[in-house]
Structure formats: structure tokens, C-alpha cells
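>>> Sharing a sequence plus its predicted fold:
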Amino acid sequence: MRLIVMGQQAFGKDVLAKLIDAGTDELVAVYCEPDRDGKPLDPIKEYALEQGLPVEQPANFDDPATLSTLAGYNADLMVMAFVNVFVPEAARDTPTHGSICFHPSVLPKYRGPSAVNWPIIMGDTKSGFSWFYPSDGLDEGDSLMQWECEIGPDDTVIDLYFKKIYPPAVDSVLKVVDHFRGGKPPRLSPDETKATYERRCTSRHSQVNWHGPVAQAYNLIRGTNPAPGAWTTYKGSKLGIFDSARVPGDGISGRIRAITDDGIEVQSVGGRILVKRVRPEGGGKISASEWASDAGLSVGDELGG
């Protein structure tokens, strides 16, 4: 089959590499976002150029010339590996078999751009990925394939995405293309009663509430680690919160209950969080014990005002 791969960053590059290494199909072009001033080349573009593949970087797909170029590749399928730009129907349907798109959740749950963060933040115990037939709606359409995994009680974004979802997702692209090569790719209709859409998770959503249940605070911390990063305040300055663990204990919520070489224990409702790694405002990430020493932190001090 003649394939176009559209994507970005490491995931797009690794999907492209997986298809090239398999040697079963002809890669006719790579589509990625336009270059950004002062930024290094996107990994998928850099790899595509190394492989001698044509690279297209349209700002949008509304231009007739852009659609004409796309049609000129005579592709059978467009594999959308990691895509942030809107791709209209005219472009998606240009290849003979249309397009198939990756999303890091079990659709229709967690449609939207932060589909790895929100399941952890919400306390879910399962996640996974989908390959779906994209429509003009955000992450809407029937699915071709879905895969599930467990979310461990201490999993962070790194654990869930890079260790659990990422490797099988890259491998799965070969099975995805095989379905189209066989001529009868499956279509799984979404149960819209289970559909959710969550906005992009930013620092606006990641302030820790020490005065709520400890599970909620802990889920927020691990669901935003490493990005966008949870945060609190100390004496009016912002403090990023990263590697942490739940520990038992009681007391007044928001107060520092212990300071050790392992970190600082912050009281919440129903338990404590041992904060191991932080980022002081204007600085880089350091151990919580080092920050406590630098800041003159004492047991009984309050975080979050």
C-alpha cells in the first residue's frame, strides 16, 4: 500500500520508523506542522529527510494547492499518528481508503488534547488507546481498534504514556495497516453515553487543594507529572510539585507535618502526601528536602495559603 504518515514529535517519528522497518508498504510522503522559529526540527521531519522522503508542512488544508499536492501522492491510506492541526474531510478522504487517526484513550472517553492526564487526575484505573476514523468532530468517529491497560495507583503521566501506552501503540500501526490491506477494516461505533470531552490540562487546572481528600490531591499531582506540573504556594511564591507519594498521618490540612531527607510531608484530608521533588518559582527542579532547607521551612508551616 502507498502510505502517507502525518504526525509530529517522537511518536510520529517512531510510527514512521516502524512502517519503514517493516518494509511492507511504500511510504510516499510525510506531513507535519510548519517549522517554528528558533526551534529544532521536529523529530519526524528530521527522520523523514534522512530517509529521503518528501516532507509537506502546510499551515492548513483549506488551500486548493495543498489538496492538489496531497492528491498527487496517490496514497491508499493516510496514517495520522499524532496530529494537533485540523484536517478537513476533503484532505482526510483524499487517499483511496481515507485516513486513520491515533488517540491515547479508549474512545469515546477523554476526547480532547490531554487524554493521558485526565484519567489519572480523575482517579480512573484503566486507560489505553484507539485508532479511529476521524470526522470533523474532535476525536469523534468509529474506531478501528482499541487497547486497554491498567493505571496503577502511583502511575504518573510518564508511567502511563511512555511505559504502558507508547510501546504497544507504535507496534500496533502494523496491524492497523494490515486491516486496510485485507480490505475489510472493522468499525466499532462509539457508545456516546460514555463520551467525555476534557479541555487541555494546563497550570490553570493543576493547583493542589490540600484541604480536600488526599486521594484527589495525589491524583492531581501524578496526573500532571511531569507536565503541566502541579503547584501550590508558600509565602506567596509558586512552588511546583512533582514526584510524590501517599503516606499515612493526620493533622491540620495544608500544614507541613514532617521534614526528612526523603522530602516534606504535607497534610491533606484523610492522609498526607510526601513531596519528594519540587520547583521553586524562577528555578529548576530540586529535591524537596533541599528546597525546605533553602526556604527555611519548618514543621507547622502552611502551603497553599
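That came in fine, so what should we check first? Numbering: from 1, shown residues only.
>>> SS state for the nearest residue to Val85 once chain neighbours are set aside?
Distances taken as C-beta to C-beta, 6 or more residues apart in numbering put Glu33 closest to Val85, at 6.3 Å, once the chain neighbours are dropped. Where you see a C-beta, it was placed from the backbone N, CA and C, and this is true even at glycine. Three-state call for Glu33 (DSSP: H, G, I helix; E, B strand; the rest coil): coil.
>>> so who does Glu33 touch?
Neighbour list for Glu33: Gln8, Asp42, Gln57, Asn84, Val85 [criterion: C-beta atoms under 8 Å, 6 or more residues apart in numbering].
>>> how near is it to Asn60?
11 Å (C-beta to C-beta, to the nearest Å).
>>> any common contacting residues for the two?
Common neighbours of Glu33 and Asn60 (C-beta under 8 Å, 6+ apart) are Val85.
>>> buried ones in the longest helix belonging to the chain?
Longest helix in the chain by number of residues (criterion: DSSP state H): helix 166-181. Buried residues in helix 166-181, defined by neighbour count with 16 or more other C-beta atoms under 10 Å: Tyr166, Ala169, Val170, Ser172, Val173, Val176, Val177, His179, Phe180.
>>> try stretch 272-288
Across stretch 272-288, burial judged by 16+ other C-beta under 10 Å covers Arg272, Ile273, Leu274, Val275, Lys276, Arg277, Val278, Arg279, Pro280, Ser287, Ala288.
>>> related to what we said a few turns ago, of the contacts of Glu33 - the most surrounded one?
Neighbour counts for those (other C-beta atoms under 10 Å) peak at Asp42, which has 23 neighbours.
>>> picking that back up, can you tell me which of the buried residues of stretch 272-288 comes closest to Trp131?
Nearest to Trp131 among the buried residues of stretch 272-288: Arg277, at 35.0 Å, using C-beta to C-beta.
>>> who's in contact with that closest one?
Phe242, Asp243, Ser244, Gly263, Lys285, Ile286, Ser287, Ala288.
>>> rerun that using 6 Å as the cut-off
By C-beta atoms under 6 Å, 6 or more residues apart in numbering, Arg277 lies in contact with Phe242, Asp243, Lys285.
>>> Let me know how buried the second one is, in neighbour terms.
By the measure other C-beta under 10 Å, the count of residues near Asp243 is 18.
>>> now do Ala245
Ala245: 16 neighbours (other C-beta under 10 Å).
>>> you'd agree it is up against Leu274?
Yes - contact criterion C-beta atoms under 6 Å: Ala245 and Leu274 qualify, at 4.7 Å.
>>> Quick check: which element contains Ala258?
In this structure, Ala258 sits in strand 256-260 according to DSSP states H and E.
>>> follow-up on the earlier one: how about the residue nearest to Val85, phi and psi?
Backbone torsions for Glu33, taken as degrees, to the nearest 10, come to phi -70, psi 160.
>>> Among the contacts of Glu33, which one lies nearest to Ile151?
Using C-beta to C-beta, Asn84 comes nearest to Ile151 of the contacts of Glu33, at 24.2 Å.
>>> got a pLDDT number for the closest one?
pLDDT, Asn84: 87.
>>> Kindly report the same for the one 10 residues further on.
Confidence per residue is given as pLDDT, and for Thr94 that number is 97.
>>> how many other residues sit next to it?
21.
>>> same check, this time on Ala91
Neighbours of Ala91 (other C-beta under 10 Å): 21.
>>> Which positions in the helix or strand hosting it come out as buried?
Ala91 belongs to helix 89-92 when assigned by DSSP H and E. The neighbour-count check on helix 89-92 (16+ other C-beta under 10 Å) flags Ala91, Arg92 as buried.
>>> Fine by me, we can end here.
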